[in-house]
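Chemist: sequence? don't have it. structure:
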């Protein structure tokens, strides 16, 4: 009987520790996993002509057409994404999130701009068209990009309707897409996929050379 009572108390103690750990937010977080192995496009679907692997980098080349989209095979709902990118002068690309494989990701899903903010050709854009912005919806802060030809580090945290973008250690966007559109879409266009619960992540080519590396994701 004493042994049974002892085991019961040990079990109760262990269970209490589990509850306390969960309550205090100490549940182990999911680990970041790599989306790009630096060798090939395994795990990706879409345009595998314009997007190439060069010296361990994911590169989109304008001399190959420079357009089209490359998507993850897997779909993601809430996540924390990290990647590095290098822009060429005047570069324009995009990061599609929670998007289907067909259609314009900026509308059937959500697009976060990847853009050379320093280029004079973009001087007259709307504020929600610059780098890091939720395209057409929420503008990002400017002034934190590195010089063209240098590597930038970016993080995107998507949790429900909340979107956060961190560029080179600075928060350039932190907003709620539902609140941002309570009075209608800021750009006046239809965004039927804006509130998708999940979808693919993709790089969206617009005819510019852009390089990517260290692409990692953690599900939330």
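Modeler: Looks like it arrived, so ask away. Computed from a predicted structure; not experimentally measured. Residues are numbered from 1 along each chain as shown.
Chemist: my read: residue 49 touches residue 66, true?
Modeler: No - at 10.3 Å, residue 49 and residue 66 do not qualify as touching, with contact defined as CB atoms under 8 Å. In this view, the C-beta of every residue, glycine as well, is placed from N, C-alpha and C.
Chemist: neighbour count winner among those two?
Modeler: Under the neighbour definition other CB atoms under 10 Å, residue 49 and residue 66 were set side by side, and residue 66 has more, 20 against 12.
Chemist: and residue 97, backbone torsions?
Modeler: phi -130, psi 150 (degrees, to the nearest 10).
Chemist: neighbours around it, how many?
Modeler: As a burial measure, the neighbour count of residue 97 was computed by other CB under 10 Å and equals 23.
Chemist: need the pLDDT of it.
Modeler: Looking at residue 97, its pLDDT reads 99.
Chemist: ok, the closest residue to residue 193 other than its chain neighbours - contacts?
Modeler: Spatial nearest neighbour of residue 193, chain neighbours left out: residue 108 (4.1 Å); criterion: CB to CB, 6 or more residues apart in numbering. Residues near residue 108 by CB atoms under 8 Å, 6 or more residues apart in numbering: 99-100, 102, 192-193.
Chemist: what two of those are the furthest from one another?
Modeler: 102 and 192 (12.9 Å; CB to CB).
Chemist: run through the residues that contact residue 218.
Modeler: Here residue 218 is in contact with 29-33, 79-80 (CB under 8 Å, 6+ apart).
Chemist: try 6 Å
Modeler: Contact criterion CB atoms under 6 Å, 6 or more residues apart in numbering gives 30, 32, 80 as the residues in contact with residue 218.
Chemist: so, low pLDDT: which residues of this protein?
Modeler: Screening the chain residue by residue with the criterion pLDDT under 70, one finds the ranges 1-27.
Chemist: at 80 what do you get?
Modeler: Per-residue confidence of the chain (counting by pLDDT under 80) places the weak regions at 1-28, 64-66.
Chemist: so which residues of it form helices?
Modeler: In the chain, the helices defined using DSSP state H lie at 2-23, 105-108, 177-180.
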